[in-house]
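Enquirer: Show me how the following folds:
(one chain, ligands or ions: 1)
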Amino acid sequence: MSGGGPLNKHMTGVSSSYHGEGAPERAAGETTGTTHPGLVLLYAPNFEQFHPAYVFTVPELIIGRDATNPICVPEQAVSRQHARISYLDGRWILSDLGSRNGTMVGGRFVGEHALGHLDEIRVGDAIFKFVAGGAEHYVRHRIDGAIFGERRAHHLAELVGGCQMDFIAGDVERIAPTELSCMVLGETGTGKEVVARGIHRLSGRRGSFQAINCAAIPHNLLESELFGYRRGAFSGADRDKPGLVKLADGGTLFLDEIGDMPLEAQAKLLRVLQMREVFPLGGTTADKVDIRVVCATHRDLYTLVRDGRFRGDLFARLNEHAVRLPPLRERKEDVLLLARSFATRYGAPRLSFTFSVLVALMHYNWPFNVRELESCIKRGIALCGGSVLDAPQLPDAIAEFMKGYGARTSIDSLGPLSHGGPPPPFSSQPISQALPSRRGAPTEDELRELLTRHRGNIAAVGRELGKERMQVHRWLKKYNIDHEKYR
Ligand SMILES: Nc1ncnc2c1ncn2[C@@H]1O[C@H](COP(=O)(O)OP(=O)(O)OP(=O)(O)O)[C@@H](O)[C@H]1O
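Expert: Okay, here's the model as predicted:
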């Protein structure tokens with residue numbers, strides 16, 4: 001496997017094998033003491049020919065088409081020695097080696113660039129992310145879900161993802177059967193409720209799963225929803241009503257957005273947890289309850305506790321174990337798997353994605369996380385009829401985000417590091433003028449990507465390819481592409 005065949009890490013400077021020597025057994029997030037930087041593959045059309053991750057163990061590595069390169073990108077569009085990554089004055093520097101088609105970081109062509117954690121690098125059609133540490137954790141998880149070796153999690157299939165999710169799911173599986181109260185932390189749409197339901201499902205508790213969003217319910221109603229009421233407790237209370245605490249007896253109570261719970265309700269909840277009994281509003285006697293609590297929040301509860309807006313004693317009681325879900329932009333290696341899983345969920349298991357769509361999905365920063373990706377795929381299926389999802393069917397937010405994609409940086413972001421030597425191959429010309437004429441025809445995916453980037457402008461596509469407009473029209477005809485759809 002690999003571009004470059006089985007690698008000898010001493011020869012090549014990377015240890016990326018997931019099927020044998022050198023592949024660490026631990027997954028992301030564990031404290032291992034091994035924190036090598038490296039590149040993690042996010043997407044390549046021929047991803048089976050790559051390692052899932054390339055761990056840096058020497059201070060200089062070459063990326064290129066030659067199979068002898070430590071990081072081989074086996075593609076015609078990639079130069080034999082395309083780019084170099086070297087360690088200089090405490091930074092990892094990516095330098096384009098005068099390649100034919102350029103090297104991109106964060107969607108822009110660069111000459112030299114000091115890499116930052118999670119920088120997205122594109123060489124040819126291969127997209128990687130640079131990680132400043134922990135690259136060794138990614139070496140066993142391929143972007144299509146294949147795992148080389150043992151999976152950590154075995155029962156939480158609903159938590160789709162790569163190595164970070166496997167680690168988290170393994171953690172959830174371990175704590176689910178215990179009595180520990182759990183705090184699930186993460187931005188909106190990262191899957192906190194999926195985790196909470198998973199904890200309940202694997203807990204072995206026979207009661208039901210009850211969920212409430214503390215931010216979505218008016219404060220005056222929250223207590224009656226949670227603790228229930230007795231008939232006559234207030235006007236309109238014409239019968240006893242059990243609250244969610246009672247309904248979750250023997251099961252799990254999921255308190256979403258716990259940071260929004262008013263202080264009075266917090267005091268009552270603490271009592272429920274300590275005394276294992278609930279007093280309905282207007283009641284004089286308590287009902288015994290046995291609940292397991294899982295909470296979620298996107299807020300910083302430590303700050304709320306410090307500011308007196310959240311009770312420290314309740315926080316300690318709820319936070320017996322914390323599960324942190326990273327935002328999607330920090331785990332883009334999950335995007336392909338998630339997209340495929342949503343395609344199945346929404347009735348299009350055979351949905352395929354054009355290359356330009358995958359480029360966009362990897363490049364976008366997903367402010368609303370997995371929920372946003374889910375909506376994007378669901379909508380895309382409706383628009384494309386469930387066969388091929390193409391760039392024009394992506395939401396406006398993504399199209400807008402992609403507008404600057406493929407630009408050349410106006411200044412290379414290396415700062416004062418350059419120690420003499422040849423100047424970086426920087427040009428202030430737009431890339432379309434700087435690129436030499438290509439030899440062959442673009443592939444259909446390449447052409448679609450160019451059309452997306454230039455919003456259907458044939459002249460601009462032609463300039464970038466170094467070809468006449470008529471030639472671009474001939475290719476459009478050949479691939480049966482309507483460039484108007486990209487405008
Ligand atoms: N790892 C995942 N695998 C599969 N689906 C996921 C994953 N993470 C999230 N989802 C899906 O994304 C959507 C949002 O997830 P969920 O409601 O659990 O997020 P949340 O963090 O609880 O959001 P909020 O904070 O807004 O309540 C759901 O449809 C869920 O099924």
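
Enquirer: which of the residues in stretch 121-132 are buried?
Expert: Neighbour counts using 16 or more other CB atoms under 10 Å place I121, R122, V123, G124, D125, A126, I127, F128, K129, F130, V131, A132 of stretch 121-132 among the buried residues. Yep, even glycine has a C-beta here, placed from its N, CA and C like the rest.

Enquirer: right, and the last one touches A114 too?
Expert: No - A132 is beyond contact range of A114, at 11.4 Å (criterion: CB atoms under 8 Å).

Enquirer: Please enumerate the shared neighbours of the two.
Expert: Taking CB atoms under 8 Å, 6 or more residues apart in numbering as the criterion, A132 and A114 both touch W92.

Enquirer: Could you report the neighbour count for the closest residue to L476 other than its chain neighbours?
Expert: Residue nearest to L476 in three dimensions, not counting chain neighbours: H483, with 5.8 Å by CB to CB, 6 or more residues apart in numbering. Counted with other CB atoms under 10 Å, the neighbours of H483 add up to 19.

Enquirer: now do R65
Expert: R65 has 20 nearby residues by other CB under 10 Å.

Enquirer: where does the stretch 351-487 of the chain dip in pLDDT?
Expert: By pLDDT under 70, the weakly predicted segments of the stretch 351-487 of the chain are 408-440, 466.

Enquirer: Go again with 80.
Expert: By pLDDT under 80, the low-scoring segments of the stretch 351-487 of the chain are 407-441, 445, 452-455, 459-460, 462-468, 486-487.

Enquirer: ok, now the stretch 51-200 of the chain?
Expert: Looking at the stretch 51-200 of the chain by pLDDT under 80, you get an empty list.

Enquirer: And the helices in it, which stretches?
Expert: Ranges of helices in the stretch 51-200 of the chain, per DSSP state H, counting those that start in this stretch, are 163-175, 192-201.

Enquirer: could you give the angle of the next helix or strand after the last one to helix 192-201?
Expert: Downstream of helix 192-201, the first helix or strand assigned by DSSP states H and E is strand 209-213. Calculated by axes from the mean of the first three to the mean of the last three CA atoms, to 10 degrees, strand 209-213 forms an angle of 160 degrees with helix 192-201.

Enquirer: Any part of strand 209-213 near the ligand?
Expert: No - Strand 209-213 is not in contact with the ligand by CB under 6 Å from any ligand atom; minimum separation 6.9 Å.

Enquirer: And stretch 309-328, what's buried?
Expert: So for stretch 309-328, counting by 16+ other CB under 10 Å, buried means 309-311, 314-315, 318-319, 321, 323, 325-328.

Enquirer: what sits against the residue in the stretch 51-200 of the chain that the ligand sits nearest to?
Expert: Across the stretch 51-200 of the chain, the shortest distance to the ligand (CB to the nearest ligand atom) belongs to G191, at 2.6 Å. Counting by CB under 8 Å, 6+ apart, G191 touches L159, L325, N369, V370.

Enquirer: I'd like those as a markdown table, with distance to the ligand and secondary structure appended.
Expert: Shown next, in a markdown table, are the contacts of G191 (distance: CB to the nearest ligand atom, whole Å; DSSP: H, G, I helix; E, B strand; the rest coil):
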| residue | distance to the ligand | secondary structure |
| --- | --- | --- |
| L159 | 5 | coil |
| L325 | 7 | coil |
| N369 | 7 | helix |
| V370 | 4 | helix |
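
Enquirer: With mean neighbour count as extra columns, can I get the helices of the stretch 51-200 of the chain in CSV?
Expert: Output for the helices of the stretch 51-200 of the chain, formatted as CSV (neighbours: other CB atoms under 10 Å):
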stretch, mean neighbour count
helix 163-175, 22
helix 192-201, 22
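
Enquirer: now those as a markdown table including distance to A360?
Expert: As requested, the helices of the stretch 51-200 of the chain are exported to a markdown table (distance: least, CB to CB, whole Å):
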| stretch | distance to A360 |
| --- | --- |
| helix 163-175 | 22 |
| helix 192-201 | 25 |
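
Enquirer: what's near enough to touch the residue found closest to K192 once you drop the neighbours it is linked to in the chain?
Expert: Distances taken as CB to CB, 6+ apart put A296 closest to K192, at 3.9 Å, once the chain neighbours are dropped. Counting by CB under 8 Å, 6+ apart, A296 makes contact with M183, V184, L185, G186, K192, E193, A196, F254, L255, D256, E257, I258.

Enquirer: And those residues, which is closest to G406?
Expert: Nearest to G406, judged by CB to CB, of the contacts of A296 is G186 at 31.8 Å.

Enquirer: pLDDT value on the nearest residue to the closest one once chain neighbours are set aside, please?
Expert: Sequence neighbours aside, L325 is the residue nearest to G186 in space, at 3.3 Å (criterion: CB to CB, 6+ apart). pLDDT for L325: 96.

Enquirer: Could you do T303 as well?
Expert: 94.

Enquirer: And the nearest residue to L244 once chain neighbours are set aside, how far from the ligand?
Expert: For L244, ignoring the flanking residues on the chain, the nearest one in space by CB to CB, 6+ apart is Q210 at 4.4 Å. Per CB to the nearest ligand atom, to the nearest Å, Q210 is found 15 Å from the ligand.

Enquirer: who does Q210 bridge with?
Expert: L253 (DSSP bridges).

Enquirer: what's the neighbour count on it?
Expert: With other CB under 10 Å as criterion, Q210 counts 21.

Enquirer: mind checking how far it is from F254?
Expert: Separation of Q210 from F254 (CB to CB, to the nearest Å): 7 Å.

Enquirer: quick revisit: isn't there a strand covering the residue nearest to K192?
Expert: Yes - checked against DSSP: H, G, I helix; E, B strand; the rest coil, A296 lies within a strand.

Enquirer: Show me what from the chain comes close to the ligand.
Expert: 159-161, 165, 186, 188-194, 256, 296, 298, 338, 341, 370-371, 374.

Enquirer: please redo it, this time with the cut-off set to 5 Å
Expert: 159-161, 188-194, 370-371, 374 (CB under 5 Å from any ligand atom).

Enquirer: export those residues to TSV and tack on distance to G107?
Expert: Shown next, in TSV, are these (distance: CB to CB, whole Å):
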residue	distance to G107
L159	29
V160	26
G161	23
T188	25
G189	23
T190	23
G191	26
K192	29
E193	32
V194	30
V370	22
R371	23
E374	23
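
Enquirer: Thanks a lot, see you next time.
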